[in-house]
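> sharing a sequence plus its predicted fold:
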Amino acid sequence: MPARKLAVLATFITFALCACSDAQALDARTHTHGAKHPRIAKAIQHGKISWYGRAFAGHRTASGERFDPHALTMAHRSLPLGTIVFVINDDNGRGVTLRVNDRGPYCDGRVADVSRAASRELGFQAFGIVEATIEVLWVPPASGDASAIS
């Protein structure tokens, strides 16, 4: 299945899941969807993101899966693994739906690391770091891991 069709399918599934679940807040800047679903809150975080790629390919991520630089995934310090987010490049307005499967970044001043494929979709692969907005679409049910979102 071509990557673009897979991305569209993943976005559709994400929005379907979002319609029947609650997102947890990253900070106080949350807002709700339309009147149909007033309990569903979108959590938003702004900050610098970077990308990581080939050097980590095949290494185990925090979720236990092997890192694939061609997958639409990201690392975040505190969002529960499996969380689905929509990331927007603040410089050019391009966005992509990603799944949190790793922990990081480990550089001060950054809020997330995305895969090489995600950086390409967001249009900042050549720059390395960009200001972005992260919007939580879906948080998996708690599984005993009381990860704090900060």
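Received it, and whenever you're ready, just let me know what you need.

> how about the strands in this structure?
31-32, 41-52, 73-76, 84-89, 95-102, 110-115, 129-138 (DSSP state E).

> deepest in the core, which of those is it.
Counting by mean count of other C-beta atoms under 10 Å, strand 73-76 has the highest mean neighbour count of the strands of the chain, with a mean of 26. To be clear about C-beta, it is placed using only N, CA and C from the backbone, and glycine gets the same treatment.

> pairing partners for that one, with directions?
Partner strands and pairing direction for strand 73-76 (DSSP bridges) are strand 95-102 (parallel), strand 110-115 (antiparallel).

> make JSON lines out of those strands and add distance to residue 58.
Below are the strands paired with strand 73-76 laid out as JSON lines (distance: least, C-beta to C-beta, whole Å):
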{"stretch": "strand 95-102", "distance to residue 58": "13"}
{"stretch": "strand 110-115", "distance to residue 58": "13"}
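
> nearest to residue 134, of those?
Among the strands paired with strand 73-76, the nearest to residue 134 by C-beta to C-beta is strand 110-115 (6.2 Å).

> circling back: got the strands of the chain as JSON lines, with mean pLDDT and distance to residue 67 columns?
Converted to JSON lines, those look like this (pLDDT from 0 to 100; distance: least, C-beta to C-beta, whole Å):
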{"stretch": "strand 31-32", "mean pLDDT": "36", "distance to residue 67": "33"}
{"stretch": "strand 41-52", "mean pLDDT": "87", "distance to residue 67": "8"}
{"stretch": "strand 73-76", "mean pLDDT": "97", "distance to residue 67": "8"}
{"stretch": "strand 84-89", "mean pLDDT": "97", "distance to residue 67": "17"}
{"stretch": "strand 95-102", "mean pLDDT": "97", "distance to residue 67": "7"}
{"stretch": "strand 110-115", "mean pLDDT": "96", "distance to residue 67": "8"}
{"stretch": "strand 129-138", "mean pLDDT": "96", "distance to residue 67": "19"}
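
> closest one to residue 121 among those strands?
Closest to residue 121 of those is strand 95-102 (C-beta to C-beta; 4.2 Å).

> by how many degrees do the closest one and strand 41-52 diverge?
80 degrees (axes from the mean of the first three to the mean of the last three C-alpha atoms, to 10 degrees).

> sorry, back to before: so which of the strands paired with strand 73-76 comes closest to residue 135?
Of the strands paired with strand 73-76, nearest to residue 135 by C-beta to C-beta is strand 95-102, at 8.6 Å.
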